[in-house]
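Enquirer: need a 3D model of the following:
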Amino acid sequence: MLDEFLQVTLATALFLFLYACIIRGDGIARLGKDILKFIVRQRKCLRLERIGDGWRRFYGRLAKKNEVQRS
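Expert: Model prediction:
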């Protein structure tokens, strides 16, 4: 079960990277470097902070929509 979860997680991450690569081109290389730096140094750079904030806002909007739909 853990192997399947890992495969799904990695496949999703790679799909998102590929999508970003097609859309943004050079930006994906910088994002990859930032992620590796974060893994090694355990400190976020500004670019990762912004991306994380964007995903949090996106998730918050989805969560609100689900709450409204359930009511």
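Enquirer: show me the shaky parts of the chain.
Expert: Applying pLDDT under 70 to the chain flags residues 24-25, 66-71.
Enquirer: tally of neighbours for L48?
Expert: 15 (other C-beta atoms under 10 Å). In this view, the C-beta of every residue, glycine as well, is placed from N, C-alpha and C.
Enquirer: residue contacts, it?
Expert: By C-beta atoms under 8 Å, 6 or more residues apart in numbering, L48 lies in contact with L31, D34, I35, F38.
Enquirer: please give the element, helix or strand, for the third one.
Expert: Taking DSSP states H and E as the definition, I35 sits inside helix 26-41.
Enquirer: could you dump that helix to CSV, C-alpha only?
Expert: Presented in CSV, the C-alpha positions along helix 26-41 are these (Å, rounded to 0.1, in the frame of the first residue of the first chain):
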residue,chain,number,x,y,z
ASP,A,26,12.8,28.3,-17.7
GLY,A,27,10.9,28.8,-14.4
ILE,A,28,10.7,25.1,-13.8
ALA,A,29,14.5,24.8,-13.7
ARG,A,30,14.6,27.5,-11.0
LEU,A,31,11.8,25.8,-9.1
GLY,A,32,13.6,22.5,-9.2
LYS,A,33,16.8,24.1,-7.8
ASP,A,34,14.8,25.7,-5.0
ILE,A,35,13.1,22.5,-4.1
LEU,A,36,16.5,20.7,-3.9
LYS,A,37,17.9,23.6,-1.8
PHE,A,38,14.9,23.3,0.5
ILE,A,39,15.5,19.5,0.9
VAL,A,40,19.2,20.0,1.7
ARG,A,41,19.1,23.2,3.8
